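Asks: Below: sequence and its predicted model.
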2 protein chains.
Amino acid sequence: MSSSQINPPPRLLMGPGPINADPRVLRAMSAQLVGQYDPSMTGYMNEVMELYRGVFKTTNDATLLVDGTSRAGIEAALISLIEPGAKVLVPIFGRFGHLLKEIAVRAGAEVAVREKAWGQVFTPEEIEQAILEEQPALLALVQGDTSTTMNQPLQDIGAICRAHGVLFYTDVTASLAGNEFRADDWGIDAVTAGLQKCLGGPSGSAPISLSERAVQVIRSRRHVEEGIADGTQGRGRRIASNYFDLAMILDYWGPQRLNHHTEATSMLYGARECARLLLEEGIDAAITRHQLHGAAMLAGVQGLGLNVFGDIAHKMNNVVAVHIPDGIDGDAARQAMLEDFGIEIGTSFGPLHGKVWRIGTMGYNARKDAVLLTLAALEQVLRAGGADLTPGGGVGAATEVYQDATAQGSPR
Amino acid sequence: MSSSQINPPPRLLMGPGPINADPRVLRAMSAQLVGQYDPSMTGYMNEVMELYRGVFKTTNDATLLVDGTSRAGIEAALISLIEPGAKVLVPIFGRFGHLLKEIAVRAGAEVAVREKAWGQVFTPEEIEQAILEEQPALLALVQGDTSTTMNQPLQDIGAICRAHGVLFYTDVTASLAGNEFRADDWGIDAVTAGLQKCLGGPSGSAPISLSERAVQVIRSRRHVEEGIADGTQGRGRRIASNYFDLAMILDYWGPQRLNHHTEATSMLYGARECARLLLEEGIDAAITRHQLHGAAMLAGVQGLGLNVFGDIAHKMNNVVAVHIPDGIDGDAARQAMLEDFGIEIGTSFGPLHGKVWRIGTMGYNARKDAVLLTLAALEQVLRAGGADLTPGGGVGAATEVYQDATAQGSPR
């Protein structure tokens, strides 16, 4: 076959992620490789650990990257923490709760679930009640679930888990850097993420952080690979995956530098730059920026007469779901956005499939021009589809949000 | 903490891999992202499938990327093909045979092994005998094992497997593109690789190809993720990993485009460019190039008076292991190569640790200047360490190989 030099079309990615990578991240990724035990490489690995401690707001030693997409981080955490037969509680409020359940089941857990209708979140009382009823060893709970746009409050859950001797795992792929997250203050034992949402990088690297409690569980299951064995083995049941065996991955990232996989150097360069950019901006400033542009997009879609899906009080800053208006062909409209305006907005899964669009304002694309262009294009597409709307209603409403923010002295 | 813009030191990576990425691969990876269902992205995915059919010399539909390092590809193949309790035969002739065994054990297989002393390979007769004795469902066999530099002949093994109803899996991470490999002609049911050796890319993406027989086994274990379920489920035992569930990954890469992970776009761009470069050069030409520069390096290290480890007749083209001379501190010499000359050569694992160095000539670094620079620097380091050697003996012997090749009209 003949194939050409890579030349993707210019797109403004305003869906639920992935979004456009920050050009500085792509530049970092174009740096030449070094060997995996080169002092510069192990130095970069140590820097990545320290940078992501800042990103996750933790002092956890065990803060590193899993080499795969965000889902790889989830599976590494769950399969390493869950011994077969252990009880796991998964409160589900969207697609990614189902995913946590699915991965826990495959890891051999006895999984109990609680479910919320899509568009709602759990109260701490509901989660504590479920813990009392189920007596799990581990609670697995998504923070931001892009399938519903909801942001599950986590700040009170860690204390509940500690009080009942439960390990607390959360997936913050969709929410991190766009919404508040504090691993230590909130009593998180294990947290995983990805780069492709508010961190402004490509998919393919999964930052993870583990508390000392979590590390103890994982270390008890340590078994060194044959061919490089050093004679020290844990007593716990061996982790069912080699690639996701966090005990081995910790030995690779730790001072021992015991060989496991060959670190994905270019992705590590990218993950490092994502964290550097975030910490340079300041996490609080980045969250404020996502709040601002998320509020502008929310006002804008409402200004176009669209009805917002779900409990707005618990919506993530960085994504909004809107009902597809009656009479509008949702897929044709998304296609027109993409083909005529070069802008991607998102479709939906499961119970929302065909009913809502999801529009993101995250990472590099949490910007005024990106918000206003999206609203301007969406107005044209909706009008062409026959919607009855106020000309300029979307851009106007968003602009008011920006003007109010400027009047109040908000950043950006 | 303060961290600087990425700026790795210039290194010539002449170890067993990873090696320097081809600059054209890094440029491809710096392209901006598109959405995961953008027609340009699904087009690139289809191109990648077709390109790697060329690389693996196969017509297998099921040819795609696993998002992780080469080890992720191995685990995806084994965990998807092996039902718990199934018998797996692993002939081990180096570290990566141990790894295949380890992953198969974790996948729940009953694993039988045969072992060769490091530096040797198996005959087809030995493998057939082991198959007759063990009656496995799957044979898992490394092609090139960098730990020993050996290249296991595979061309007769597929027919033996077919005759006995055994599935045949091989890992070609270290050998592909530098040594002959023919998935279809050799009757391979599943093959996995990585980019960081002769393909000239970074670690982090694992090309894989599956025969129709392998796909049938995997499809029988298909279970769609909750939250996006479509009602069709297989009857086989569910694969113990979500991330490595090739039935789901096939649905993502297939016309159905059923969402699984978010494809690691930058790594896909890189993997695509690796294959384009290889097919542009021509696989046979690339193998000839690796033969030439491997022969020059072999002659060169011998010209420096170093003894080569293992069965040279079965050495991979792209890496050579040499005994560290008596009186030379192996780690100090490697450190001098790196710090004084910017050249990385490799240490060793397991029974060879501290006894041999491994020197690679692969991918972008299978080049005359890289070979001669490495030999020139090694001569200086050996002499400084007190070795008794012929001045210019390494570069001279390599140069003779190049002159002979030029006289015979060999490419490059």
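Replies: Thanks, I have the structure now.

Asks: Identify the spatial nearest neighbour of A:Ala240, chain neighbours not counted.
Replies: The shortest distance from A:Ala240 to any non-neighbouring residue, by CB to CB, 6 or more residues apart in numbering or on different chains, is to B:Arg106 (5.4 Å). Using the backbone N, CA and C atoms, a C-beta is placed for each residue, glycine as well.

Asks: I figured the one you found was touching A:Arg237, is that so?
Replies: No - using CB atoms under 8 Å, B:Arg106 is not in contact with A:Arg237, being 11.0 Å away.

Asks: For these two, indicate the residue with more neighbours.
Replies: Neighbour totals were compared for B:Arg106 and A:Arg237, and B:Arg106 leads with 24 against 14 (other CB atoms under 10 Å in any protein chain shown).

Asks: contacting residues around the more buried one?
Replies: Taking CB atoms under 8 Å, 6 or more residues apart in numbering or on different chains, we find B:Arg106 in contact with A:238-242.

Asks: Which among those count as buried?
Replies: A:238-242 (16 or more other CB atoms under 10 Å in any protein chain shown).

Asks: how near is the residue nearest the centre of chain A to A:Leu199?
Replies: Nearest to the mean C-alpha position of chain A, counting by CA atoms, centre = their mean, stands A:Thr173 at 1.2 Å. Distance, A:Thr173 to A:Leu199, using CB to CB, to the nearest Å: 9 Å.

Asks: and for the two, which residues touch both?
Replies: With CB under 8 Å, 6+ apart, A:Thr173 and A:Leu199 have common neighbours A:Ala193.

Asks: Not counting its neighbours along the chain, what's nearest the closest residue to chain B within the stretch 101-250 of chain A?
Replies: Closest residue of the stretch 101-250 of chain A to chain B, CB to the nearest CB: A:Gly204 (3.0 Å). Distance criterion CB to CB, 6+ apart; nearest residue to A:Gly204, sequence neighbours excluded, is B:Ala264 at 3.0 Å.

Asks: So what's the residue count around that neighbour?
Replies: By other CB under 10 Å, the residues close to B:Ala264 number 30.

Asks: again with the one 10 residues further on
Replies: Neighbour count for B:Cys274, taken as other CB under 10 Å: 31.

Asks: so is it in a helix, a strand, or just coil?
Replies: Secondary structure, DSSP: H, G, I helix; E, B strand; the rest coil: B:Cys274 is helix.

Asks: Ok, the one 10 residues further on next?
Replies: Using three-state DSSP, the three-state assignment for B:Asp284 comes out as helix.

Asks: just the helices in chain A please.
Replies: With DSSP state H applied, chain A shows helices at A:23-29, A:39-56, A:70-81, A:95-106, A:124-134, A:157-163, A:212-219, A:246-253, A:265-281, A:283-303, A:330-341, A:368-384, A:393-407, listed in chain order.

Asks: Please work out which of these is packed deepest.
Replies: helix A:70-81 (a mean of 28; mean count of other CB atoms under 10 Å in any protein chain shown).

Asks: Extract the CA atoms of that one and return them as CSV.
Replies: Extracted in CSV, the C-alpha atoms of helix A:70-81 (Å, rounded to 0.1, in the frame of the first residue of the first chain):
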residue,chain,number,x,y,z
SER,A,70,-5.6,5.7,31.5
ARG,A,71,-7.4,2.3,31.5
ALA,A,72,-4.0,0.6,32.0
GLY,A,73,-3.5,2.6,35.2
ILE,A,74,-7.0,1.6,36.4
GLU,A,75,-6.2,-2.1,35.8
ALA,A,76,-2.7,-1.9,37.3
ALA,A,77,-4.2,-0.4,40.5
LEU,A,78,-7.1,-2.8,40.8
ILE,A,79,-5.3,-6.0,39.8
SER,A,80,-2.5,-5.2,42.2
LEU,A,81,-4.7,-4.3,45.1
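
Asks: any low-confidence regions in chain A?
Replies: For chain A, applying pLDDT under 70 flags the ranges A:1-2, A:224-235, A:410-412.

Asks: Tell me how it divides into domains.
Replies: A:21-279, A:283-407 (automatic domain parsing).

Asks: Can the last one be said to contact chain B?
Replies: Read it as domain A:283-407. Yes - using CB under 8 Å from any CB of the partner chain, domain A:283-407 comes into contact with chain B via A:338, A:344, A:349-350.

Asks: which one of those residues is nearest A:Gly85?
Replies: Nearest to A:Gly85 among these: A:Gly350, at 29.4 Å, using CB to CB.

Asks: so the closest one makes contact with A:Trp118?
Replies: Yes - between A:Gly350 and A:Trp118 a contact is recorded at 7.4 Å, counting by CB under 8 Å.

Asks: quick one, which of the two is more surrounded?
Replies: Set A:Gly350 next to A:Trp118 and count neighbours by other CB under 10 Å: A:Trp118 wins out with 25 against 15.

Asks: Pull up the gap between A:Gln155 and B:Leu26, please.
Replies: 42 Å.

Asks: Sort out which of the residues of domain A:283-407 next to chain B are in strands and list them.
Replies: Residues of the residues of domain A:283-407 next to chain B located in strands (DSSP state E): A:Glu344.
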